[in-house]
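Engineer: need a 3D model of the following:
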Amino acid sequence: MKRKIEISVLVLLVGLSIVAIILTTGKDNQQPLDFEPTITSSPTLSSREITIRNMTKEAITFYLKTYNSAENPHPVAISPQEIYRFSASSLTQISFKQGNESVSRLLSPGNPYAFRYDENNLVEIWQASHSREDAIDLAPYVPTPLAVVDKMLELAELSSDDVIYDLGCGDGRIVISAASKYGVRGVGIDIVPERIKESKENAKKAGVENKVEFILDDVLKVDISEATVVTLYLLPESNALLRPKLEKELRPGTYVISHNYTIPGWENKLIKEETVVTNAPNEHNIYVYRR
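Structural biologist: Numbers count the residues shown, from 1 in each chain. Purely as a prediction, here's the structure:
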């Protein structure tokens with residue numbers, strides 16, 4: 001009897017090991033943002049809708065199915081800049097080609113996503129900042145670590161006469177820190193209503209609501225000509241898209257400080273470059289340009 005029990009336990013353990021191997025296949029290729037089912041739903045979407053935008057330069061074919069279901073995956077093809085919308089009541093599995101490999105990710109109902117290139121120029125899907133048809137999605141929402149904020153403001157060499165603009169301000173931490181520590185006036189711009197609401201609440205908590213302003217709009221449509229310092233945490237293609245606006249509206253001598261990504265075409269305007277080490281990820285590059 002004891003022998004039979006031991007064999008049964010062994011069979012059970014082997015079975016569990018096989019399941020674990022299946023579930024973790026391709027895990028090294030997965031990005032944390034795409035496997036976070038507790039992400040707060042975008043206020044621009046219904047609680048059951050998922051949007052997928054193609055921010056790459058190529059047509060992408062992908063396959064959708066309800067997570068853990070036995071249904072056959074549904075194929076979808078989208079062109080560059082096209083948005084695909086669908087309703088989902090639970091986690092959805094998306095599969096697509098990443099180079100020569102097929103990878104799978106999980107999408108949460110009520111959230112926007114976007115196909116973009118990763119640091120190796122491979123197609124990846126990320127949580128997007130919004131799902132509007134009338135505005136380009138410049139970057140996913142990833143807050144800048146406070147240690148990086150402090151270094152960016154230090155490199156800006158702020159004085160009381162400066163006006164700092166943060167393009168894609170998120171929760172407002174950059175302009176709020178600038179107002180709190182340096183006494184300068186700041187303006188944050190973001191296209192997501194929830195981010196602007198958070199920014200205003202955070203400014204009130206910090207006691208600087210009279211020195212900062214937060215604008216709900218597309219950064220490409222807002223006049224930034226009064227800025228003496230501009231901060232960015234966007235993507236390389238977004239920085240390239242924004243460059244003509246910076247050249248047209250900013251006065252000569254204005255500082256433009258970018259977190260992690262350079263501004264293509266501004267190599268001759270780069271005056272400083274520093275690295276800040278934090279816990280996760282370990283290194284953050286800061287690029288300081290003078291218009």
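
Engineer: lowest mean pLDDT among the helices and strands of this structure, which one is it?
Structural biologist: In the chain, the helix or strand scored least confidently by mean pLDDT, DSSP states H and E is helix 2-24, which has a mean of 39.

Engineer: list the contacts of Ser258.
Structural biologist: Listed by CB atoms under 8 Å, 6 or more residues apart in numbering, the contact set of Ser258 reads Thr231, Leu232, Tyr233, Leu234, Asn239, Ile286, Tyr287, Tyr289. Heads up, the C-betas are built off the backbone N, CA and C, glycines and all.

Engineer: now with 10 Å, please.
Structural biologist: Ser258 sits next to 152, 167, 230-234, 236, 239, 242, 266, 270, 285-289 when contact means CB atoms under 10 Å, 6 or more residues apart in numbering.

Engineer: same for the helix or strand hosting Val276, what does it pack against?
Structural biologist: Assessed by DSSP states H and E, Val276 sits inside strand 270-277. Helices and strands touching strand 270-277, by 3 or more CB pairs under 10 Å, 6 or more residues apart in numbering; DSSP states H and E, are helix 146-155, strand 255-259, strand 283-290.

Engineer: return the most buried member of these.
Structural biologist: Mean neighbour count (mean count of other CB atoms under 10 Å) peaks for strand 255-259 among the helices and strands packed on strand 270-277, with a mean of 23.

Engineer: sorry, back to before: of the helices and strands packed on strand 270-277, which is nearest Ser104?
Structural biologist: strand 283-290 (28.9 Å; CB to CB).

Engineer: how far off centre is that closest one?
Structural biologist: The chain centroid and the centroid of strand 283-290 are separated by 18 Å under CA atoms, centre = their mean, to the nearest Å.

Engineer: and if you look at stretch 132-144?
Structural biologist: How far stretch 132-144 lies from its chain's middle: 7 Å, per CA atoms, centre = their mean.

Engineer: now the nearest residue to Asp150 once chain neighbours are set aside, what's its secondary structure?
Structural biologist: Spatial nearest neighbour of Asp150, chain neighbours left out: Ser177 (7.2 Å); criterion: CB to CB, 6 or more residues apart in numbering. With DSSP: H, G, I helix; E, B strand; the rest coil as the basis, Ser177 sits in helix.

Engineer: so what's the residue count around Ser177?
Structural biologist: Residues near Ser177, counting by other CB atoms under 10 Å, number 20.

Engineer: could you check the pLDDT of it?
Structural biologist: Looking at Ser177, its pLDDT is 98.

Engineer: residues contacting it?
Structural biologist: Counting by CB under 10 Å, 6+ apart, Ser177 makes contact with Thr144, Leu146, Val149, Asp150, Met152, Leu153, Ile164, Gly186, Ala206, Val208.

Engineer: any idea how far it lies from Ser104?
Structural biologist: 39 Å (CB to CB, to the nearest Å).

Engineer: pretty sure Glu209 is touching Ala179, no?
Structural biologist: Yes - judged on CB atoms under 10 Å, Glu209 makes contact with Ala179 at a distance of 9.1 Å.

Engineer: which one's more surrounded, the two?
Structural biologist: Each of Glu209 and Ala179 has its neighbours counted (other CB under 10 Å); Ala179 has more, 22 against 16.

Engineer: wouldn't the more buried one be in contact with Ile164 here?
Structural biologist: Yes - in terms of CB under 10 Å, Ala179 counts as a neighbour of Ile164; the distance is 8.5 Å.

Engineer: which residues do the two both contact?
Structural biologist: Shared contacts of Ala179 and Ile164 (CB under 10 Å, 6+ apart): Arg185, Gly186, Val212.

Engineer: the first one contacts Lys211, doesn't it?
Structural biologist: Yes - contact criterion CB under 10 Å: Arg185 and Lys211 qualify, at 5.4 Å.

Engineer: who touches both of these two?
Structural biologist: Contact criterion CB under 10 Å, 6+ apart; residues shared by Arg185 and Lys211: Val175, Ala178, Ala179.

Engineer: which of the residues you listed sits closest to Pro80?
Structural biologist: Nearest member of those to Pro80, counting by CB to CB, is Val175, at 33.0 Å.
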